[in-house]
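Asks: pasted the sequence and its predicted model underneath.
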Amino acid sequence: MILPGKVFVARHGRPELTPTILTEQQVRDLVERMLRSSGRRVDLSSPFVDAALPDGSRLHVVIPDITRRHWAVNIRKFVVAADELGDLVRLGTLPASAAAFLTAAVESGLNILVAGGTQAGKTTLLNCLAAAIPPTERVVTCEEVFELKVPLRDVAAMQCRQASLEGTGEVPLRRLVKEALRMRPSRILVGEVRQEESLDLLIALNSGLPGMCTVHANSAREAVTKMCTLPLLAGTNVASGFVVPTVASSIDLVVHLALHADGRRRVQEIVALPGRVEAEVVEIADIFLTRDDQLVRGEGFPPHADRFARAGHDLAQLLGSGSTR
């Protein structure tokens, strides 16, 4: 976080005030230099800007009169600490058993929703899940700003575009999701759903196209509830009677992460959606849950056991004995 006279740096999840002092003009000059390579702008007609820097960091700027007095600049620098799920195991984000299950789920083509708060590690986990996608697949990614890094040969990455000075040419995330379906993808990845683009994603997932995305939520249950309400923003003709069962049949797993007070990022729960709805509430089943600060096996099982079998995975071996429904 950069303000004139105050520069904060987040270390291990905690903000620290640095001795760096910048004038207001220096802050503006820095922003202009950082935006030069992105092709984006910030001015009175467009007081917000979200852009990617050449090193992959994410820049966000807000200017007065939206802010009270000074330019507010945030830079999210992504430290590459994990490229695959095995790296997250070594970092203590999740146990090896959960990582093995998620790897099998991705290889089997299950639809996965990654949930958590700000800085919980959602994008990092999504990148690690993407590393488990079979190399023969064609992946299309849709993001507001480029953040995802999919280590495959056949990847088409798209990001949103701001409107021009004349107010034309804007390309929102919803348009990207629609266009992605015309690009013969084997799998679709959406950086984060916040608004009506969630409806288009659900329709895509419900059509048999595997996919993954992230969403802000405080628990797996809240993530499911949010996915049942966000599509209603698409218009008055979209009803919960359609959305709720579509969520139940389209999303297979929800992985929830949390940023702890000590700066640790941990997977808190992994739940499955068996596909059932009762009283407009989507049923969920605990596959892994947190007990005594440890992620342990729950009693639930994921849907689509046949997909695991076709991909060469034994659910009983991955999760222990029991009915796979």
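Replies: Cool, the structure landed. Numbering: from 1, shown residues only.
Asks: could you export stretch 298-310 as PDB, CA atoms only?
Replies: These are the backbone C-alpha positions of stretch 298-310, laid out as PDB (Å, rounded to 0.1, in the frame of the first residue of the first chain):
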ATOM      1  CA  GLY A 298     -14.500 -36.300   6.800                       C
ATOM      2  CA  GLU A 299     -17.300 -38.700   6.100                       C
ATOM      3  CA  GLY A 300     -18.300 -37.500   2.700                       C
ATOM      4  CA  PHE A 301     -17.500 -38.700  -0.800                       C
ATOM      5  CA  PRO A 302     -17.300 -36.700  -4.100                       C
ATOM      6  CA  PRO A 303     -19.800 -37.200  -6.900                       C
ATOM      7  CA  HIS A 304     -18.900 -38.900 -10.200                       C
ATOM      8  CA  ALA A 305     -17.000 -41.900  -8.900                       C
ATOM      9  CA  ASP A 306     -17.100 -43.200 -12.500                       C
ATOM     10  CA  ARG A 307     -14.900 -40.300 -13.700                       C
ATOM     11  CA  PHE A 308     -12.300 -41.200 -11.100                       C
ATOM     12  CA  ALA A 309     -12.300 -44.800 -12.300                       C
ATOM     13  CA  ARG A 310     -12.000 -43.800 -15.900                       C
END
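Asks: give the rounded mean pLDDT of that stretch.
Replies: Mean pLDDT, computed over stretch 298-310, is 95.
Asks: how far does that stretch sit from its chain's centre?
Replies: Relative to its chain's centre, stretch 298-310 lies at 23 Å (C-alpha atoms, centre = their mean, to the nearest Å).
Asks: buried sites along that stretch?
Replies: Using 16 or more other C-beta atoms under 10 Å as the test for burial, stretch 298-310 gives 298, 300-305, 307-308. (Glycine included, C-beta is placed from N, CA and C.)
Asks: how about the residues you listed in TSV, adding secondary structure?
Replies: Shown next, in TSV, are the buried residues of stretch 298-310 (DSSP: H, G, I helix; E, B strand; the rest coil):
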residue	secondary structure
298	coil
300	coil
301	coil
302	coil
303	coil
304	coil
305	helix
307	helix
308	helix
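Asks: need those in TSV (columns: distance to residue 97).
Replies: Formatted as TSV, the entries for these read as follows, by distance: C-beta to C-beta, whole Å:
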residue	distance to residue 97
298	12
300	14
301	14
302	14
303	19
304	20
305	18
307	20
308	15
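Asks: tell me, how many residues neighbour residue 65?
Replies: Here the count is done by other C-beta atoms under 10 Å, and residue 65 has 8 residues near it.
Asks: quick check: closest non-adjacent residue to it.
Replies: residue 47 (7.7 Å; C-beta to C-beta, 6 or more residues apart in numbering).
Asks: tell me the contacts of the one you found?
Replies: Residue 47 makes contact with 62-66, according to C-beta atoms under 8 Å, 6 or more residues apart in numbering.
Asks: my guess is residue 107 meets residue 311, correct?
Replies: Yes. Under the criterion of C-beta atoms under 8 Å, residue 107 makes contact with residue 311 at 4.9 Å.
Asks: identify the residues contacting stretch 215-225?
Replies: In contact with stretch 215-225 (C-beta under 8 Å, 6+ apart) are residues 113-118, 192-194, 198, 226-227, 247, 251, 254-256, 268-271, 273, 282, 284.
Asks: at 10 Å what do you get?
Replies: Taking contacts as C-beta atoms under 10 Å, 6 or more residues apart in numbering, the residues outside stretch 215-225 that touch it are 113-118, 120, 122, 190, 192-194, 198, 214, 226-227, 230, 244, 247-248, 251, 253-256, 258, 268-273, 281-284, 286, 289.
Asks: need the distance between the two termini of that stretch.
Replies: Terminal residues of stretch 215-225 lie 11 Å apart, using C-alpha to C-alpha, to the nearest Å.
Asks: what about that stretch, average pLDDT?
Replies: 96.
Asks: buried residues in that stretch, which are they?
Replies: For stretch 215-225, burial by neighbour count (16+ other C-beta under 10 Å) applies to 215-217, 219-221, 223-225.
Asks: what do you get for stretch 29-48?
Replies: Neighbour-count burial for stretch 29-48 [16+ other C-beta under 10 Å]: 30-31, 34-35, 38, 40, 42.
Asks: returning to what we had before: tell me the two of the buried residues of stretch 298-310 that are most distant?
Replies: With distances taken as C-beta to C-beta, the most widely separated pair in the buried residues of stretch 298-310 is 298 and 307, at 20.2 Å.
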